[in-house]
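J.: Give me coordinates for this.
(chains A and B)
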Amino acid sequence: MITLGHYLTLSAVLFAIGLFGVLTKRNVIAVLMSVEILLNAAAIAFAATAAYRDPLFFSGQLFALFIIVVAAAELSIGFAILLTLYRHAGSVSTDVIEEMRG
Amino acid sequence: MSLVAFAILAGLILAGALVVVFSSNIVRAAVALAFTFFLIAGLYFMLGSPMLAVVQFAVNAAAIPILTLFIIMMTRSRSVRPASGIFVLVALAVVIAFAGGLWAYLGAAETQVFPVSPEGIGLRLLSVTLFPFEVASVLLLLAMVGAIVLARRVEE
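T.: Down below sits the predicted model:
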C-alpha cells in the first residue's frame, strides 16, 4: 500500500533537487525553473497530507491551489524583471547582477 | 498494483527534475519541466483530487513552460554554464532535505486516501476561504499589471 510517507519522501527528494538547482545555477531562467520545482514539492506535501489526514476540511489541498496561484504570479513578475535585466545588461547570467556588490 | 503505479510516476518525476537541474541545454530543461509537472498532475489524481490535477495540468504543465520558452527565446540564452563553487553548502542543504524526507517516511504510515470532489473544494473555497480567494485574485491582477509595467519598453 502507498502510505503518506511515500508522498512526503518524494516531496523531500524533489525539494532537494530543486534546492540544488537554485543554489548552483548561473542563468536566472534556470534558477526560476528550479524555484518552480521547489514550490511543486511543497504543494505535493500539502496535498498528500490533506488527502490522508484531513478528510473533513482538506485545507492542504486549498493550500496547494493557492501555491499554484502564487507561483504563477511570482513567475510572471520574475520573467518581467528578467526581461528588463536583459535589456539593461545584455545577459541573464547572475554574474551581471553586481551593482550592489560590496 | 497502485504501489507500482506510484513507483513509476515517482521515478519519472525525479528523472524529469534531475534533467531540469543537470541539463546544459536550457530548452531541454524547460521541456523536462513541463514533463515533470504533467506527471505531478497524475500524482494528484492518485491522491483523489481531480480538481487539483486539472489545475496543475492547465497552469503548471501548460502555461508556465510556454512562458518559460518565450523568455528563453526573447533573451537568446541557449545554454547554462556549469555550477559555481559552493558545493559544501549545497551538499549540506541537500542532505538535510533528504534526512527530512526519511524522517517523514518513518513517521507517517497512514494508508487510507480520502478523495475530494471538485464541488467540495469549490464550496469550501467560496465560503471559508473566501477572503484569501479574493486576495489571490487581487494578487494575480497586480502581477499582470506589474509584469506589463516592468517589461514595457521605455521610450527615450
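J.: How far off centre is the helix or strand B:I71 falls within?
T.: Assigned by DSSP states H and E, B:I71 belongs to helix B:64-75. Mean-position distance between helix B:64-75 and its chain equals 16 Å (Cα atoms, centre = their mean, to the nearest Å).
J.: What is that helix packed up against?
T.: helix A:28-53, helix A:59-89, helix B:26-46 (3 or more Cβ pairs under 8 Å, 6 or more residues apart in numbering or on different chains; DSSP states H and E). Every residue, glycine included, has its C-beta placed from N, CA and C.
J.: okay, the ones you listed in JSON lines with distance to B:F98, mean neighbour count and mean pLDDT next?
T.: Converted to JSON lines, these look like this (distance: least, Cβ to Cβ, whole Å; neighbours: other Cβ atoms under 10 Å in any protein chain shown; pLDDT from 0 to 100):
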{"stretch": "helix A:28-53", "distance to B:F98": "12", "mean neighbour count": "24", "mean pLDDT": "92"}
{"stretch": "helix A:59-89", "distance to B:F98": "22", "mean neighbour count": "19", "mean pLDDT": "90"}
{"stretch": "helix B:26-46", "distance to B:F98": "18", "mean neighbour count": "21", "mean pLDDT": "93"}
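J.: Let's have these in JSON lines, adding distance to A:D95.
T.: Shown next, in JSON lines, are the helices and strands packed on helix B:64-75 (distance: least, Cβ to Cβ, whole Å):
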{"stretch": "helix A:28-53", "distance to A:D95": "10"}
{"stretch": "helix A:59-89", "distance to A:D95": "9"}
{"stretch": "helix B:26-46", "distance to A:D95": "16"}
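J.: quick revisit: can you list contacts of the helix holding B:I71?
T.: Outside helix B:64-75, the residues within contact range by Cβ atoms under 8 Å, 6 or more residues apart in numbering or on different chains are A:29, A:32-33, A:36, A:71-72, A:75-76, A:79, A:82-83, A:86, A:92, B:26-27, B:30-31, B:33-34, B:37.
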